[in-house]
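Asks: let's see this in three dimensions:
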Amino acid sequence: MWFINWGQIVIESLSIREQICEYSIIESALVKPMRYLNKIISPMINLTYPLIKMKWYSKLQARQLLLPIEQYELYYKDSCKISKKSLQNILSSNSSFEINETINRNKSKALILVGEKEIKSMKESYNIILDNIPESIGEVLSNYGHGELSQLHPEQYANMLLKFIGKN
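Replies: Presented below is the predicted three-dimensional model:
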């Protein structure tokens, strides 16, 4: 389904093992629970799940996710395989994720990124992450939306990471 929030996985890893890595980069990670959204996920999925297998809808979703066109067929095949229950679990887990307080013991230097065009809860999450990871610096990316830097500008993303770790 291509809907994994890697930022949440990085945050959880950092909170579990305080010396898991020397550097980390977290882009567009949601850590502010969206309780109102969690309440409507199940009915929303019941209404929209059949659309997943329709190509026109799948193409709209792929565009919304900033998916490169050459990856569309794989995305569509994966989307058709996901069960309704799995989709509900993924969306529920994403919208209810909270940062673990043990993350403040992490020793990693973290670069936290958020797009200027992202929704309010994403920008609030950015501040929560900065407040909870001691060795973190943040950057608001001008004119960028959700996950846009790594998805659409991988070279710029890589250069930013190299600069952050002092290799550029």
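Asks: would you map out the domains in this protein?
Replies: Here the domain parsing of the chain from automatic domain parsing is 1-32+100-168, 34-96.
Asks: now, of those, which is deepest in the fold?
Replies: domain 1-32+100-168 (a mean of 17; mean count of other C-beta atoms under 10 Å). (Glycine included, C-beta is placed from N, CA and C.)
Asks: and that one, how far out from the chain's middle?
Replies: On the basis of C-alpha atoms, centre = their mean, to the nearest Å, domain 1-32+100-168 is displaced by 9 Å from the centre of the chain it belongs to.
Asks: quick revisit: would you turn the domains of the chain into TSV with mean pLDDT?
Replies: Formatted as TSV, these follow (pLDDT from 0 to 100):
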stretch	mean pLDDT
domain 1-32+100-168	91
domain 34-96	91
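Asks: ok, which stretches of the chain are helices?
Replies: Under the criterion DSSP state H, the chain contains helices at 6-16, 35-48, 55-64, 72-81, 84-96, 120-132, 148-152, 154-164.
Asks: which residues are contacting the second one?
Replies: In this case it means helix 35-48. Residues outside helix 35-48 that contact it (C-beta atoms under 8 Å, 6 or more residues apart in numbering): 84, 87-88, 91-92, 95-96.
Asks: now render the helices of the chain as a markdown table, adding distance to E27.
Replies: Converted to a markdown table, the helices of the chain look like this (distance: least, C-beta to C-beta, whole Å):
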| stretch | distance to E27 |
| --- | --- |
| helix 6-16 | 6 |
| helix 35-48 | 21 |
| helix 55-64 | 17 |
| helix 72-81 | 20 |
| helix 84-96 | 15 |
| helix 120-132 | 10 |
| helix 148-152 | 6 |
| helix 154-164 | 8 |
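Asks: residues contacting I129?
Replies: With contact taken as C-beta under 8 Å, 6+ apart, I129 is in contact with 11, 26, 29, 31, 99, 110, 112, 136, 138.
Asks: apart from its neighbours in sequence, what residue is nearest S150?
Replies: The shortest distance from S150 to any residue other than its chain neighbours is 4.6 Å, reached at Y157 (C-beta to C-beta, 6 or more residues apart in numbering).
Asks: related to what we said a few turns ago, among the contacts of I129, which one sits closest to I69?
Replies: Nearest to I69 among the contacts of I129: A29, at 26.0 Å, using C-beta to C-beta.
Asks: so what does the closest one look like in phi/psi?
Replies: Here is the backbone geometry of A29 (degrees, to the nearest 10): phi -100, psi 130.
Asks: is it true that the residue nearest to S150 touches L149?
Replies: Yes - at 5.1 Å, Y157 and L149 qualify as touching, with contact defined as C-beta atoms under 8 Å.
Asks: fine, thanks again, bye for now.
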